[in-house]
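> Just need the structure, nothing else, for what follows:
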Amino acid sequence: MIPNYQEFMRPFLEVVQANNGKEVKLRNVINQLADKFGLSDEERNEALPSGRQSVLDNRIGWARTYLTKAGLLKATKRAHFVITERGIQALQDTNAVINNSYLKQFDEFVAFKEQKNDTNDTKPANTQESTNSSTTSEITPDEALLDAYKTINDALALELISRTREVPPAFFEDLLIELLVAMGYGGTGEGAAHALGKTGDNGIDGVIDQDPLGVDQIYIQAKRYGQGNNVGSGDIRDFFGALNLKKAQKGIFITTSEFTASAIQTAKDLGMRIVLINGKELAKLMLRYNIGSRDEQVLHLKKIDEDFFET
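Numbering: from 1, shown residues only. You can find the predicted model right below:
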């Protein structure tokens, strides 16, 4: 299990101090701490929901940031650090648990934290990380933000698929056309509508051009089913038979419910490229391509441009 960022603070200082006053590269500290805590390759490579950084790098990075803000570390150049006299004194107290509570004795750290809290007037200054065992104290600000983002999107996805199950068949057809066009299929909305044209009960069965010229085509079946009314293996075999009649090489089966385990296995066993999209995946695609949803606000996360300050 990857330690939380506060649990990395003392070991971080110890690694830097062991270098006898010489500067230490952040990547070397990360590797040594991963070895010290016996982290597996899977744990070392576990990514944040954004996929842009590992959880390990993020947590150790925030431990570094807090230690630096409190004056226990000093940055010498890009991603390089030395321990300060204050950091050495902290390690000399073997009984001290070096965490956010410990760092609050330093005015620089308090000023840093107060500056962060001032950005949210509705949140008391001491709400975040009030105790070492609280959830908010164990995750980094990046993780907290991404967790909140995931919670909001998960709730929105549930609402999207619930609304989609209730729309009329013609509206459902238009919704899928918009989605497929947004994903790059069909060329134009009008062309896609013509390609999908054939309407069935509670869904659509049709074909859409994979490219604007119609050189390659994908056959589609869609079932606007309620929760619990899952698509079974028989539906997959029927779709497979229809694809064979059309001599098609690929197909997409979309449902607003789920696929049974036997349906999923049948799609694999048939040996044809049949892509299964269940309600959850459909909602994710709708969110990604802004179908039935829109951007309410955009947050830009900034980071220091180390190259700018390179001398």
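
> and the nearest residue to residue 82 once chain neighbours are set aside, how many neighbours?
Of all residues beyond its chain neighbours, the one nearest residue 82 is residue 23 (5.0 Å), with distances taken as CB to CB, 6 or more residues apart in numbering. Where C-beta positions appear, they are placed from N, C-alpha and C, glycine not excepted. Residues near residue 23, counting by other CB atoms under 10 Å, number 15.

> Just to check, residue 23 is in contact with residue 76?
Yes. Counting by CB atoms under 8 Å, residue 76 is a contact partner of residue 23 at 4.6 Å.

> For these two, list the residues in contact with both.
Residues touching both residue 23 and residue 76 by CB atoms under 8 Å, 6 or more residues apart in numbering: residue 82.

> Does residue 28 lie in a helix or a strand, and which?
Taking DSSP states H and E as the criterion, residue 28 maps to helix 26-36.

> that's a helix at residue 265, yeah?
Yes. According to DSSP: H, G, I helix; E, B strand; the rest coil, residue 265 belongs to a helix.

> contacting residues for it?
Residues in contact with residue 265 (CB under 8 Å, 6+ apart) are residue 233.

> So for it, what pLDDT did the model give?
Residue 265 carries a pLDDT value of 94.

> Other residues contacting stretch 58-77?
Here stretch 58-77 has contacts from 2-6, 8-9, 12-13, 16, 23, 26, 29-30, 33, 48, 81-84, 86-87, 90, 98, 100, 103, 106, 108-109, 112, 140-143, 310, using CB under 8 Å, 6+ apart.

> Now it: average pLDDT?
For stretch 58-77, mean pLDDT is 91.

> What are the buried residues along it?
58-64, 66-74 (16 or more other CB atoms under 10 Å).

> rewinding a little: just the buried ones out of the contacts of stretch 58-77, please.
Buried among these (16+ other CB under 10 Å): 2-6, 8-9, 12-13, 16, 26, 29-30, 33, 48, 81-84, 87, 90, 98, 100, 103, 106, 109, 112, 140, 142-143.

> Restricted to strands, list those.
In strands, defined here by DSSP state E, the members of the buried ones among the contacts of stretch 58-77 are 81, 82, 83.

> so residue 280 is in which element?
Counting by DSSP H and E, residue 280 is part of helix 279-288.

> In terms of secondary structure, what does that helix contact?
helix 141-166, helix 169-182, strand 250-255 (3 or more CB pairs under 8 Å, 6 or more residues apart in numbering; DSSP states H and E).

> Out of those, indicate the one that is most buried.
strand 250-255 (a mean of 21; mean count of other CB atoms under 10 Å).

> and that strand with helix 279-288, angle?
Put simply, strand 250-255 runs at 100 degrees to helix 279-288, going by axes from the mean of the first three to the mean of the last three CA atoms, to 10 degrees.

> Show me how far strand 250-255 is from its chain's centre.
Taking the mean of its C-alpha atoms, strand 250-255 sits 25 Å from the chain's own mean (CA atoms, centre = their mean, to the nearest Å).

> List the neighbouring strands of that strand plus their orientation.
strand 217-223 (parallel), strand 273-277 (parallel) (DSSP bridges).

> What sits closest to residue 289 if chain neighbours are left out?
Going by CB to CB, 6+ apart, residue 289 has residue 182 as its nearest residue, at 3.9 Å.

> Any stretches of the stretch 1-150 of the chain with poor pLDDT?
Within the stretch 1-150 of the chain, the segments meeting pLDDT under 70 span 115-137.

> For the residue positioned nearest the centre of the chain, give its distance to residue 207.
By CA atoms, centre = their mean, the chain has its centre lying nearest to residue 49, at 2.4 Å. The gap separating residue 49 from residue 207 is 35 Å, by CB to CB, to the nearest Å.

> ditto for residue 105
69 Å.

> Residue 63 now?
Distance from residue 63 to residue 207, by CB to CB: 55 Å.

> Could you do residue 180 as well?
11 Å.

> next one: residue 295
32 Å.

> what does residue 248 give?
From residue 248 to residue 207 the distance is 8 Å (CB to CB).

> Touching both of those two, which residues are there?
Common neighbours of residue 248 and residue 207 (CB under 8 Å, 6+ apart) are 217, 218, 219.

> residues in contact with the first one?
With contact set as CB under 8 Å, 6+ apart, residue 217 has these partners: 195, 207, 208, 209, 210, 248.

> quick one, helices of the stretch 1-150 of the chain?
9-17, 26-36, 41-45, 55-69, 85-92, 100-103, 107-117, 135-138, 141-166 (DSSP state H, counting those that start in this stretch).

> now the angle from the first one to helix 26-36?
When you say that, I think you mean helix 9-17. Using the same axes, to 10 degrees, helix 9-17 lies at 120 degrees relative to helix 26-36.
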